[in-house]
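Peer 1: Give me a model of this one.
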Amino acid sequence: MKIFKLDTETPFTKDSLCLTIGNFDGFHNGHQEILKTLKKISIDKKLLSAVMSFDPHPRSFFNKDINNFNIYTKKDKLNFLKDFGIDIYINFAFDKKLSEYSSNEFIDKILVNKLNIKNLIVGSDFKFGKDREGNVDILNSFSKIYNYEINLVNAVNIKNKKEKYSSSLIRKDIEDGNFENVSKSLGRYWHMTGKIVEGQKKARKINFPTANMEPDNHILPKKGVYCVEVVYSGKKYFGISNFGVRPTVDGSKLLLETHIFNFDEEIYGKELTVRFLTFIRSEQKFGNFDLLTEQIKKDIETAKDYLKI
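Peer 2: Numbers count the residues shown, from 1 in each chain. The predicted structure follows:
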């Protein structure tokens, strides 16, 4: 997959594109339906499949106070798109100039004259242009003038529910610790990936060593203890993780601490992926390490019961 960084001034010379536009944050089941349509049409029409996202996300551009907004890191998103077989990813700078483009200007200057689209795949509720004035009807009205086709993908309902798959709903579920719902919406477990950092090694003293990582620039889960699946060096393990500030040891820095079952390797500086399966309990402060130790034992039993191991 080729990656291009563009803005309103950067020239772009590529063959005709079959394009979809969106942040694709989470790469959930609804997003995957759009990309399946994109791939099929691009193959049928012998066009390059392309995904365009805005950077920063328009919500972050208009509200500078938004932090930890994305469901996954940019690296994760690119890996998802690459694995899906997308030909081109366009990282388009969302700046003041672009934010002031009318829907007509966006079609003329960006979609047609810069990107040379031949097919555009969007959801039926797609909005664009200044004040989100543009919609599917406007795209259709200009399609005959500029010789491109519009292909609509209807929003997909969550199985056995009336709600549609949406990144907003997934963000709320992550923040609330509802990871069974998150997994159903994503079609996979949500994960955090990072390099293992040295901690205070106090858990090691009570025979529950942990692999610690700092959260990246993405949405943060509810503070508490989780049953998790861990991927290290291509192998899978199970364990429990605590996400929070470790109040029992008067911690203040957010960390993900993971105790990996049946694992005793030194992995400082190595990369680890932690997949969240289910929420066990909220983070709490214990009066002493004996009480903490007893609770960790209970958490491990709860996790093993859930895993049936």
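Peer 1: Does residue 237 touch residue 230 like I think?
Peer 2: Yes. If you go by C-beta atoms under 8 Å, residue 237 and residue 230 touch, sitting 4.5 Å apart. Every residue, glycine included, has its C-beta placed from N, CA and C.
Peer 1: Find residues that contact each of the two.
Peer 2: Residues within reach of residue 237 and of residue 230 at once, by C-beta atoms under 8 Å, 6 or more residues apart in numbering, are 260, 263.
Peer 1: quick one: which of these two has more around it?
Peer 2: Each of residue 237 and residue 230 has its neighbours counted (other C-beta atoms under 10 Å); residue 230 has more, 21 against 15.
Peer 1: so that one sits right up against residue 271, yeah?
Peer 2: No. Look at residue 230 against residue 271 with C-beta under 8 Å: they stay out of range, at 11.5 Å.
Peer 1: now the strands for the stretch 151-300 of the chain?
Peer 2: Along the stretch 151-300 of the chain, counting by DSSP state E, counting those that start in this stretch, strands occupy 191-195, 211-213, 224-232, 235-244, 255-260, 271-282.
Peer 1: what's in contact with the longest one?
Peer 2: Spelled out, it's strand 271-282. 177-180, 182-183, 189-196, 211, 213, 221-232, 240-241, 256, 258, 299, 302-303, 306-307.
Peer 1: go again using 7 Å as the cut-off
Peer 2: The contact list for strand 271-282, computed with C-beta atoms under 7 Å, 6 or more residues apart in numbering, reads 177, 179-180, 189-196, 211, 213, 221-232, 240-241, 256, 258, 299, 302-303, 306.
Peer 1: could you dump that strand to PDB, C-alpha only?
Peer 2: Extracted C-alpha coordinates of strand 271-282, given in PDB (Å, rounded to 0.1, in the frame of the first residue of the first chain):
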ATOM      1  CA  GLU A 271       6.900  -4.700  22.100                       C
ATOM      2  CA  LEU A 272       3.800  -6.300  23.600                       C
ATOM      3  CA  THR A 273       0.100  -6.300  22.400                       C
ATOM      4  CA  VAL A 274      -2.600  -6.600  25.100                       C
ATOM      5  CA  ARG A 275      -6.100  -7.500  23.900                       C
ATOM      6  CA  PHE A 276      -9.000  -6.700  26.200                       C
ATOM      7  CA  LEU A 277     -11.400  -9.600  26.700                       C
ATOM      8  CA  THR A 278     -13.600  -8.600  29.700                       C
ATOM      9  CA  PHE A 279     -13.800  -6.200  32.600                       C
ATOM     10  CA  ILE A 280     -13.300  -7.800  36.000                       C
ATOM     11  CA  ARG A 281     -13.400  -4.900  38.500                       C
ATOM     12  CA  SER A 282     -12.700  -1.200  39.000                       C
END
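Peer 1: Run the angle between it and strand 255-260 for me.
Peer 2: 100 degrees (axes from the mean of the first three to the mean of the last three C-alpha atoms, to 10 degrees).
Peer 1: can you pull the buried residues of strand 271-282?
Peer 2: 272-280 (16 or more other C-beta atoms under 10 Å).
Peer 1: and which of those is nearest to residue 164?
Peer 2: residue 276 (22.7 Å; C-beta to C-beta).
Peer 1: so how far is residue 303 from the closest one?
Peer 2: Per C-beta to C-beta, to the nearest Å, residue 276 is found 12 Å from residue 303.
Peer 1: Kindly report the same for residue 11.
Peer 2: With C-beta to C-beta as the criterion, residue 11 and residue 303 are 54 Å apart.
Peer 1: More neighbours: the two, which one.
Peer 2: residue 303 (23 against 6).
Peer 1: Contact partners for the nearest residue to the more buried one once chain neighbours are set aside?
Peer 2: Counting by C-beta to C-beta, 6 or more residues apart in numbering, residue 227 is the residue found nearest to residue 303 once chain neighbours are left out, at 4.0 Å. Neighbouring residues of residue 227 by C-beta under 7 Å, 6+ apart: 240, 277-278, 280, 303, 306-307.
Peer 1: Give me the pLDDT for residue 227.
Peer 2: According to the prediction, residue 227 has pLDDT 98.
Peer 1: Over to residue 208?
Peer 2: The model's pLDDT for residue 208 equals 82.
Peer 1: close enough to count as contact, it and residue 261?
Peer 2: No. Assessed by C-beta atoms under 7 Å, residue 208 is found out of contact with residue 261, at 10.7 Å.
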